[in-house]
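Novice: Would you be able to build a 3D model of this:
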Amino acid sequence: MKKTNSLFEGIKENFPSGLVVFLVALPLCLGIALASGAPPLSGIIAGIVGGLVIGSISNSNISVSGPAAGLTAIVLTAITDLGAFELFLCAGIIAGVIQLILGFVRAGSISNYFPNNVIEGMLAAIGIIIILKQIPHALGFDKDYEGHESIFDNGLNFNYFSELFGAIHPGAIIVTVVSIALLLAWDKVLFLKRMKMLPGALVAVVVGILLNELFKLSGSSLAIGKEHLVSLPVPQSLDDFKNLVTLPDFNGFTNVKVWIAGATIAIVASIETLLCIEASDRLDVQRRITDTNLELKAQGIGNLVSSFIGGLPMTSVVVRSSANANAGATSKISAMIHGFLLLICVLTIPVILNLIPLATLAAVLLLVGYKLAKPATFKHFWHLGKFQFIPFVATVVAIVATDLLKGVGIGLAISVFYILQGNMKRAYYLSREKLSDADGITMKLAEEVSFLNKAAIKKTLKNIKSNSTVTIDARGTSYIATDVLEMIQDFANIRAKEEDINVELLGFKTSYKDYETDEDSHIVITHKRAM
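Specialist: Model prediction:
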């Protein structure tokens, strides 16, 4: 009985968040399918599978999977090259198998090497992108497709912005403002906060529909047209529904291009998933850790199922996961509820769903974007110093200007650069800063001295003046690279002899050609010319 009660408690607690994610995911699924050049229902199928299949297998409590905007370019190119969506579905099956293999060989551990400033930068960038991409919907201008993650298509399109502000729809603005006001009130007003089973997003959607229907009935110019509403296929019969579902053409497995597309999707989808899982775990207020290897297996199974029944490939998605966390999700039941609602609503009430103004959904996402990219996050990394702030900001700018993977790659490269730079600077500690004025110098080596530190040590040894005393202390060092030791050996035996420099080596073995050190060893090399 306890297990049953626990399940129902989980449903009760997570139904509001599952409903919010469903409302966010619905237009995203349709928009990404459109952007990918795939049938509209393929995006919905992927969303359903992401919620029900991946949601049930994964142990992530916050992450929500579905068709990803980061894959649209790959999918569109593959479908165009192959000439048929049925052939492309074979690539999705191949991607699923590869992800399963990656999960079994424990490739998920690479997510542990993503630094926090890059992950936080990715979240902030996603927040900014959400805001930028939802502004047109909030204003009633929906020329650009939903879910695309770059605002710099072939350079910054200034005509787009002029068209945007020249085509503002007053009705959409009213719906957006009212929806945002309701959502903010739901978080602030005490008696509304207690109504946990009635999420603010649902109220905003209902009010948005009622407002627009009122505009229509009154014949007002504020009425929002069909092009600014959710657009979902409405099958009239079972045969119509069957025609909307596309099955794979298994002849595609003999096509080399299909295998290349499948491998590409598997790699990109796996990296995006691991990035999003790392971000989702940081959004979890309980700081629970997801098994990334199990997640890769779940994604593989999900992509297999989705491709077999005509769905798009998918990943863990930050936008939906963020909405899930912000709506108060406590377990993966929320993701499953979102998938179940997608299934039920697509089968039963697509006509009602097509009444939802995109403006009210934009209001929900605008607040999600703000929470991800709030100024306090930038202020936090500013106070941490430039080694944390610069990679963070670089990741944000690069993702907004390019895409998720390129942006994260740039952020990682800058982080690694600062790590290496810091490593080189911390190779040793000097007793005096100005070598030109020092007669006695103590150089205490760090715990690990690699080839990256060679240049810094070489520069220091080069600047030591003649007739001075140098102590090189390696007693606290566990590892020294061979080429660094050879450089120290050359300094002690050749240059020190020529320039009357006394060298004292602490912690080196008698044969300091060996890269091992010994904290008890003490070698003194003295070079003095005869009087």
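Novice: Leaving out chain neighbours, which residue sits closest to Gly92?
Specialist: Taking C-beta to C-beta, 6 or more residues apart in numbering as the measure, Gly92 lies nearest to Ser307, with 3.2 Å between them; neighbours along the chain are not counted. All C-beta spots, glycine's among them, are computed from the backbone N, C-alpha and C.
Novice: Need the pLDDT of that neighbour.
Specialist: The per-residue pLDDT reported for Ser307 equals 95.
Novice: Counting neighbours, which bits of the helix or strand where it lies end up buried?
Specialist: With elements taken from DSSP states H and E, the one containing Ser307 is helix 292-308. If you call a residue buried by 16 or more other C-beta atoms under 10 Å, then helix 292-308 has these buried ones: 292-293, 295-307.
Novice: what does stretch 92-99 give?
Specialist: Of all the residues in stretch 92-99, those buried under the rule 16+ other C-beta under 10 Å are Gly92, Ile93, Ile94, Ala95, Gly96, Ile98, Gln99.
Novice: what's near enough to touch the residue lying closest to Val49 once chain neighbours are set aside?
Specialist: Once flanking residues are discounted, Val49 sits nearest to Ser306: 4.3 Å by C-beta to C-beta, 6+ apart. Taking C-beta atoms under 8 Å, 6 or more residues apart in numbering as the definition of contact, the neighbours of Ser306 are Ile45, Ala46, Val49, Gly50, Val53, Gly92, Gly96, Leu312, Pro313, Met314.
Novice: how about CSV for the residues you listed, with distance to Leu412, pLDDT and secondary structure added?
Specialist: Compiled in CSV, the contacts of Ser306 are given as follows (distance: C-beta to C-beta, whole Å; pLDDT from 0 to 100; DSSP: H, G, I helix; E, B strand; the rest coil):
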residue, distance to Leu412, pLDDT, secondary structure
Ile45, 33, 93, helix
Ala46, 28, 95, helix
Val49, 30, 96, helix
Gly50, 27, 96, helix
Val53, 31, 96, helix
Gly92, 28, 96, helix
Gly96, 27, 96, helix
Leu312, 27, 95, coil
Pro313, 24, 95, coil
Met314, 24, 94, strand
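Novice: out of those, which is most surrounded?
Specialist: With neighbours set by other C-beta atoms under 10 Å, the maximum within those is found at Gly50, which has 36 neighbours.
Novice: Tell me the spacing between the residue nearest to Gly92 and Val203.
Specialist: Distance, Ser307 to Val203, using C-beta to C-beta, to the nearest Å: 37 Å.
Novice: do the same with Ala496
Specialist: 80 Å.
Novice: neighbour count winner among those two?
Specialist: Set side by side, Ala496 and Val203 show more neighbours around Ala496, with 21 against 17, by other C-beta under 10 Å.
Novice: Name the helix or strand for the more buried one, please.
Specialist: Counting by DSSP H and E, Ala496 is part of helix 496-498.
Novice: Which residue ranges of the stretch 51-200 of the chain form strands?
Specialist: Per DSSP state E, counting those that start in this stretch, the stretch 51-200 of the chain carries strands over the ranges 64-67.
Novice: Now do the SS call for Val207.
Specialist: Of the three states, Val207 takes helix under DSSP: H, G, I helix; E, B strand; the rest coil.
Novice: Model confidence at it, what's the number?
Specialist: Reading off the model, Val207 has pLDDT 91.
Novice: again with Leu296
Specialist: Residue-level confidence at Leu296 comes out at 95, pLDDT.
Novice: distance between the ends of stretch 308-321?
Specialist: End-to-end distance of stretch 308-321: 25 Å, with C-alpha to C-alpha, to the nearest Å as the criterion.
Novice: For it, which residues meet the burial criterion?
Specialist: When neighbours are counted by 16+ other C-beta under 10 Å, the buried residues of stretch 308-321 are found to be 309-321.
Novice: same check, this time on stretch 220-233
Specialist: Within stretch 220-233, the residues that qualify as buried are Leu222, Ala223, Ile224, His228, Leu229, Val230, Ser231, Leu232, Pro233, counting by 16+ other C-beta under 10 Å.
Novice: Next, format those residues as JSON lines and append distance to Tyr113, secondary structure and pLDDT.
Specialist: Supplementary listing: the buried residues of stretch 220-233 in JSON lines, determined by distance: C-beta to C-beta, whole Å; DSSP: H, G, I helix; E, B strand; the rest coil; pLDDT from 0 to 100:
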{"residue": "Leu222", "distance to Tyr113": "52", "secondary structure": "coil", "pLDDT": "89"}
{"residue": "Ala223", "distance to Tyr113": "53", "secondary structure": "coil", "pLDDT": "89"}
{"residue": "Ile224", "distance to Tyr113": "47", "secondary structure": "coil", "pLDDT": "88"}
{"residue": "His228", "distance to Tyr113": "44", "secondary structure": "helix", "pLDDT": "83"}
{"residue": "Leu229", "distance to Tyr113": "44", "secondary structure": "strand", "pLDDT": "85"}
{"residue": "Val230", "distance to Tyr113": "40", "secondary structure": "coil", "pLDDT": "79"}
{"residue": "Ser231", "distance to Tyr113": "42", "secondary structure": "coil", "pLDDT": "74"}
{"residue": "Leu232", "distance to Tyr113": "41", "secondary structure": "coil", "pLDDT": "72"}
{"residue": "Pro233", "distance to Tyr113": "43", "secondary structure": "coil", "pLDDT": "71"}
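Novice: between these, which is nearest Pro391?
Specialist: Val230 (38.4 Å; C-beta to C-beta).
Novice: and the closest one, what does it touch?
Specialist: Contacts of Val230 were listed using C-beta under 8 Å, 6+ apart, and they are Leu26, Pro27, Leu30, Leu353, Asn354, Leu355, Ile356, Leu358, Leu361.
Novice: check which helix or strand covers the second one.
Specialist: Here Pro27 is covered by helix 2-35, with elements defined by DSSP H and E.
Novice: That helix packs against which elements?
Specialist: Applying 3 or more C-beta pairs under 8 Å, 6 or more residues apart in numbering; DSSP states H and E, one finds that helix 2-35 contacts helix 40-49, strand 64-67, helix 72-82, helix 200-217, helix 318-326, helix 333-348, helix 358-372.
Novice: Looking at the ones you listed, which one is packed in the most?
Specialist: Using mean count of other C-beta atoms under 10 Å, the stretch among the helices and strands packed on helix 2-35 with the largest mean neighbour count is strand 64-67, at a mean of 35.
Novice: Given it, what are its sheet partners and their directions?
Specialist: Here strand 64-67 is paired, per DSSP bridges, with strand 314-317 (antiparallel).
Novice: Name the surrounding residues that touch the strand it pairs with.
Specialist: By C-beta under 8 Å, 6+ apart, the residues outside strand 314-317 that reach it are 28, 46-47, 49-50, 54, 60, 63-68, 70-71, 269, 272-273, 276-277, 280, 295, 299, 302-303, 306.
Novice: picking that back up, sort out which one of the buried residues of helix 292-308 lies nearest Glu504 for me.
Specialist: The nearest member of the buried residues of helix 292-308 to Glu504, counting by C-beta to C-beta, is Thr292 at 49.6 Å.
Novice: Next up, the contacts around the closest one.
Specialist: Taking C-beta under 8 Å, 6+ apart as the contact definition, Thr292 lies against Gly108, Ser109, Ser111, Leu274, Ile277.
Novice: Low-confidence ranges, the stretch 1-150 of the chain, go.
Specialist: Applying pLDDT under 70 to the stretch 1-150 of the chain flags residues 1-9, 34-35, 142-150.
Novice: Just the pLDDT at the closest residue in space to Ser63 that isn't next to it in sequence, thanks.
Specialist: Taking C-beta to C-beta, 6+ apart as the measure, Ser63 lies nearest to Ser280, with 4.1 Å between them; neighbours along the chain are not counted. We have a pLDDT of 89 for Ser280.
Novice: Perfect, that will be all.
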